[in-house]
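> Kindly generate the corresponding structure for this input.
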Amino acid sequence: MARLHRLICCLLVLSAAAFAQEETGASWGGSIPEQILRPQRGGEAPRYPRDIVIGELGRGEASEEAYRFARDILSAFLYDNSDAASLSGIGPLLLEETRAALKEISPVKFRIGGGREEDDGNVSFLFRFLGREQGIAGELYIRSQDEKWLFDDILIEDPHDTTARLEIYPYDFTPYERFF
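All right, here's what the predicted structure looks like:
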């Protein structure tokens, strides 16, 4: 039995030495093509993460300027900065209603979904504010006037318990994803 173990160990060591590749010029011989392992620089569209509630994150169809302006608005709401220049076009009643809704959840961060150009030329962004126990989602509308972005409207859903969302999607999706 001991001889058999020695023989197996010798075969393993010799087979590893026989198939060892040099440090220089080593190439992947697996079943995954080299193009997938190392995508060409600049040859792929950027990929943004997805939020299970608002969809793909990032600027989407919107221009970079519109995306930055929308982020400025949401950031002003997050930090409760009513004097921010991005909030100058909002009416006082809507401003207070939005601030009150956000105070209810005590947001610690926000997510902004990809922008979409509406039929009237406005741009809308789905967003979500996240607190420790509650969250709130909505849609932000901005418009371009004289090459400047302005606040147009904001629609906000009722606050919801963030742990309740987990109960809606009790499945683990990782077994259905493919990893290369």
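> average pLDDT across the longest strand along the chain?
Determined from DSSP state E, the single longest strand within the chain is strand 134-145. Across strand 134-145, pLDDT averages out at 91.
> Direction included, what does that strand pair against?
Using DSSP bridges, the strands paired with strand 134-145 are strand 123-131 (antiparallel), strand 148-156 (antiparallel), strand 160-161 (antiparallel).
> From the rest of the structure, what touches the last one?
Read it as strand 160-161. Glu133, Gln134, Gly135, Ile136, Ala137 (C-beta atoms under 8 Å, 6 or more residues apart in numbering). From N, CA and C alone the C-beta is placed, and that goes for glycine too.
> Tabulate the residues you listed (a markdown table), appending distance to Phe127 and neighbour count.
Output for the contacts of strand 160-161, formatted as a markdown table (distance: C-beta to C-beta, whole Å; neighbours: other C-beta atoms under 10 Å):
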| residue | distance to Phe127 | neighbour count |
| --- | --- | --- |
| Glu133 | 19 | 11 |
| Gln134 | 15 | 17 |
| Gly135 | 11 | 21 |
| Ile136 | 9 | 22 |
| Ala137 | 7 | 20 |
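> hang on, the earlier thing: please list the residues outside the longest strand of the chain that contact it.
53-54, 66, 69-70, 73-74, 101-102, 104-107, 118, 121-129, 149-162, 165.
> Of these, grab the buried ones for PyMOL.
Buried residues among the contacts of strand 134-145 (16 or more other C-beta atoms under 10 Å), as a PyMOL selection:
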select buried, resi 53+54+66+69+70+73+74+101+102+105+107+122+123+124+125+126+127+128+129+149+151+152+154+156+159+162
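> What number of residues are in the vicinity of Gly60?
20 (other C-beta atoms under 10 Å).
> Now the closest residue to it other than its chain neighbours: phi and psi?
Spatial nearest neighbour of Gly60, excluding adjacent residues (C-beta to C-beta, 6 or more residues apart in numbering): Gly114 at 2.3 Å. Dihedral angles of Gly114 (phi, psi; degrees, to the nearest 10) stand at phi -60, psi 140.
> if we can go back for a sec, ok, so of the contacts of strand 160-161, who is nearest Asn81?
Nearest to Asn81 among the contacts of strand 160-161: Ile136, at 17.8 Å, using C-beta to C-beta.
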